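**Student:** pasting the sequence and the predicted coordinates here, then a few questions.
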Amino acid sequence: MKLLNNIIKFFVKSNFLLSFLFFLAAILIITNLFLVFKYFPEDYLQGNLVKIMYTHVPFAWVSMLLYSAIAISSIIFLIKEAALFDILAKSSAYVLLGAIGVTLLTGSIWGKPAWGTWWVWDARLTSILILFFITLSYILVRSTFYNEELGARIAAITAIVGFLNVPIIKFSVDFWGTLHQKSTFFRAEGPSIHPLMMYPNIIMFFGVLILVSVTIISRIKLEIIVKRLNRIEL
């Protein structure tokens with residue numbers, strides 16, 4: 001616990017490292033997208049449309065990972081009363097809304113020509129949309145209570161309960177008949193997707209993960225500054 005706490009504080013204080021990670025993320029994302037759209041072959045069924053996958057899938061992965069981090073941070077906050085983990089969860093929630101938004105947007109753009117409609121009440125789509133509203137509820141709960149500490153605790157409980165939706169998202173394609181294909185990446189038998197399509201998704205995932213991590217840490221720094229200023233005013 002103390003080690004994790006020190007790691008977060010280290011990143012918050014290191015402006016140079018944050019700048020380096022930001023440029024690393026930009027290089028990974030831009031280079032990957034350039035190579036995908038410039039040189040990667042078209043799909044024999046979907047043509048160039050399939051290249052949206054290299055944005056849609058990584059953002060979906062990051063969204064699920066990020067919500068898991070919020071839930072874990074909320075548990076630590078409630079048990080250990082560690083304020084830094086509450087700030088981590090709060091900062092992550094705002095970034096998560098953007099990540100889910102990109103996931104839903106790219107999914108709709110992909111779905112329109114593939115399915116003939118911008119939206120269907122598919123189990124995977126619906127569970128992702130529910131995750132968006134759970135995250136939004138977490139943020140709204142925090143701002144509703146005049147007592148900031150009480151709001152933080154109720155929001156943490158909301159995040160923990162909302163985590164039940166994460167495995168539903170993962171296994172929705174297995175439990176129900178959906179328009180989404182079954183998992184081709186995370187399977188007991190190993191990935192069934194071709195390496196030429198798998199590696200760009202992985203590279204993009206790490207690029208997006210680094211980018212959202214930098215954004216979250218920047219928000220943590222801002223939250224800490226605001227809290228210090230509020231103490232001075234009091």
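**Tutor:** Alright, I've got the coordinates.

**Student:** tell me who's in contact with the most centrally placed residue in the chain.
**Tutor:** Nearest residue to the geometric centre of the chain (Cα atoms, centre = their mean): Ser63, 2.3 Å. By Cβ atoms under 8 Å, 6 or more residues apart in numbering, Ser63 lies in contact with Leu96, Ala99, Ile100, Thr103, Ile128, Leu131. Using the backbone N, CA and C atoms, a C-beta is placed for each residue, glycine as well.

**Student:** quick check: the nearest residue to the second one once chain neighbours are set aside vs Ile217, distance?
**Tutor:** Closest residue to Ala99 apart from its sequence neighbours, by Cβ to Cβ, 6 or more residues apart in numbering: Ser63 at 4.6 Å. In this structure, Ser63 and Ile217 are separated by 18 Å, where distance is defined by Cβ to Cβ, to the nearest Å.

**Student:** phi, psi for Gly116 please.
**Tutor:** Dihedral angles of Gly116 (phi, psi; degrees, to the nearest 10) stand at phi 90, psi 10.

**Student:** tell me who's in contact with it.
**Tutor:** Applying Cβ under 8 Å, 6+ apart to Gly116 gives no contacts.

**Student:** before we move on, what about Ile30?
**Tutor:** Ile30 neighbours (Cβ under 8 Å, 6+ apart): none.

**Student:** buried ones in the helix or strand harbouring it, by neighbour count?
**Tutor:** Per DSSP states H and E, Ile30 falls inside helix 15-39. When burial is assessed from 16 or more other Cβ atoms under 10 Å, helix 15-39 yields the following buried residues: Leu18, Leu21, Phe22, Ala25, Leu28, Ile29, Asn32, Leu33, Val36.

**Student:** stretch 105-118: how far from the chain's middle?
**Tutor:** Distance of stretch 105-118 from its chain centroid, counting by Cα atoms, centre = their mean, to the nearest Å, is 21 Å.

**Student:** alpha carbons of that stretch, as PDB, please.
**Tutor:** Only the C-alpha atoms of stretch 105-118 are listed here, as PDB (Å, rounded to 0.1, in the frame of the first residue of the first chain):
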ATOM      1  CA  LEU A 105     -18.700   6.800 -31.100                       C
ATOM      2  CA  THR A 106     -16.300   4.500 -33.000                       C
ATOM      3  CA  GLY A 107     -18.600   1.600 -32.500                       C
ATOM      4  CA  SER A 108     -21.500   3.600 -34.000                       C
ATOM      5  CA  ILE A 109     -19.400   4.700 -37.000                       C
ATOM      6  CA  TRP A 110     -18.400   1.100 -37.500                       C
ATOM      7  CA  GLY A 111     -21.900  -0.200 -37.000                       C
ATOM      8  CA  LYS A 112     -23.700   2.100 -39.400                       C
ATOM      9  CA  PRO A 113     -22.300   0.500 -42.700                       C
ATOM     10  CA  ALA A 114     -21.700  -2.900 -41.100                       C
ATOM     11  CA  TRP A 115     -25.200  -3.300 -39.500                       C
ATOM     12  CA  GLY A 116     -27.200  -0.600 -41.300                       C
ATOM     13  CA  THR A 117     -27.900   1.400 -38.200                       C
ATOM     14  CA  TRP A 118     -26.000   3.700 -35.800                       C
END
